[in-house]
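> Generate a structure from the sequence data that follows.
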Amino acid sequence: MPITTPGGLLPLYRGDDEHFSHVLEHLFRPALEKCDLQALPPSTKGAQLIHADIVSKIAQSDLVLCDMSTLNPNVFFELGVRTSLNRPACLVRDDKTPLIPFDTNIINSHIYKSELAPWCLEAEVDGLVRYIKDTMEKTADMNPMWKYFGLTATARIYEGKGGVEEKVDMILHVLAEERFVPAAPTQKIWRDLISQVVLGVLAWHGFQEYSMSYGAGDDHLTVILHKAVDDLERDEISTQINLRLSRLGVAVPHVVIKHR
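Coordinates of the predicted model:
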């Protein structure tokens with residue numbers, strides 16, 4: 001489902017940029033709980049990569065409730081991930097989204113009223129409960145699109161550990177895009193970008209708690225780890241961070257790793 005309401009569609013949703021959060025809390029969550037399922041929201045706290053968290057939940061959940069409202073491209077990517085694993089999914093959309101792509105239109109989807117009016121909310125929840133239970137009964141732990149498209153090869157969840165190269169390279173690729181990095185970035189923007197790179201490397205090495213401080217003129221950055229680390233790993237972390245920061249193509253601070 002969309003995490004926030006697209007700016008161009010705000011008038012359709014009474015200017016509420018948190019509309020789909022309300023849909024989750026007042027429609028989806030109650031309906032799932034009535035089906036003895038726990039709702040796992042499509043978001044994450046902190047500075048972790050949100051999409052990685054979503055994809056992980058999509059792959060491992062017993063059921064995915066896919067809200068196609070507003071035709072969000074990320075939602076269809078996530079539906080593709082779920083379909084590739086041949087895991088069950090319930091397709092829903094609101095009454096503001098009358099048309100959906102033809103390849104998903106052949107699958108039965110549930111339409112709910114987007115206004116979430118209190119006088120019809122109970123009926124909306126009950127209707128969604130019936131749809132979810134019916135889908136779970138008919139799909140038998142399989143994805144309904146398999147039968148329609150004749151798919152035969154199931155994707156497998158990667159069981160290894162993603163390399164720091166791939167994770168940080170992805171961050172750097174995004175940061176290097178001109179649409180993300182202004183021609184004259186402010187100090188705050190650069191610090192945010194640098195923090196993302198540092199976070200990616202430290203997370204790979206298993207460090208969740210740390211603090212950072214900049215030297216005078218931002219010429220160096222000190223990262224203090226909240227647990228002990230030997231000299232070899234400390235030097236490796238420092239080297240990985242410095243190499244990746246240098247690839248941003250601008251003057252960046254030299255990173256020094258310490259621990260308490």
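
> Quick check: Val223 is in a strand.
Yes. Per DSSP: H, G, I helix; E, B strand; the rest coil, Val223 lies within a strand segment.

> Am I right that Arg29 is in a helix?
Yes. Under three-state DSSP, Arg29 sits within a helix.

> what packs against the helix or strand where Glu78 lies?
Using DSSP states H and E, Glu78 falls within helix 73-84. Other elements packing on helix 73-84 under the criterion 3 or more CB pairs under 8 Å, 6 or more residues apart in numbering; DSSP states H and E are helix 50-60, strand 64-67, strand 89-94. Every residue, glycine included, has its C-beta placed from N, CA and C.

> and if we set it to 6 Å?
helix 50-60 (3 or more CB pairs under 6 Å, 6 or more residues apart in numbering; DSSP states H and E).

> just to revisit the earlier point, what does the helix holding Glu78 contact?
Under the contact criterion CB atoms under 6 Å, 6 or more residues apart in numbering, helix 73-84 has outside partners Val55, Ile58, Val64, Cys66, Ala89, Asn143, Met145, Ala155.

> so how far is that helix from its chain's centroid?
Its chain's C-alpha centre and that of helix 73-84 lie 12 Å apart, by CA atoms, centre = their mean, to the nearest Å.

> buried sites along that helix?
Val75, Phe76, Glu78, Leu79, Val81, Arg82, Thr83, Ser84 (16 or more other CB atoms under 10 Å).

> neighbouring contacts of the strand or helix carrying Cys120?
If you go by DSSP H and E, Cys120 is part of helix 118-139. Applying CB under 6 Å, 6+ apart, the contact partners of helix 118-139 are Leu27, Pro30, Ala31, Lys34, Cys35, Pro88, Cys90, His110, Tyr112, Lys113.

> per-residue pLDDT, the closest residue to the third one other than its chain neighbours?
Think Ala31. Leaving aside its chain neighbours, Ala31 sits nearest to Leu128 (4.0 Å; criterion: CB to CB, 6 or more residues apart in numbering). Per-residue pLDDT puts Leu128 at 96.

> before we move on, what about His205?
At His205, pLDDT is 78.

> in the stretch 51-200 of the chain, what spans have low per-residue confidence?
For the stretch 51-200 of the chain, the stretches flagged by pLDDT under 70 are 51-53, 102-106, 144, 146-189.

> What residues of the one helix or strand Glu233 maps to count as buried?
Assigned by DSSP H and E, Glu233 belongs to helix 231-246. Residues of helix 231-246 classed as buried by neighbour count (16+ other CB under 10 Å): Glu233, Arg234, Glu236, Ile237, Ser238, Gln240, Ile241, Asn242, Arg244, Leu245.

> Give me the next element, helix or strand, following that helix.
Past helix 231-246, further along toward the C-terminus, the next helix or strand under DSSP H and E is strand 254-259.

> now that following strand and helix 231-246, what's the angle there?
150 degrees (axes from the mean of the first three to the mean of the last three CA atoms, to 10 degrees).

> in strand 254-259, what counts as buried?
Val255, Ile257.
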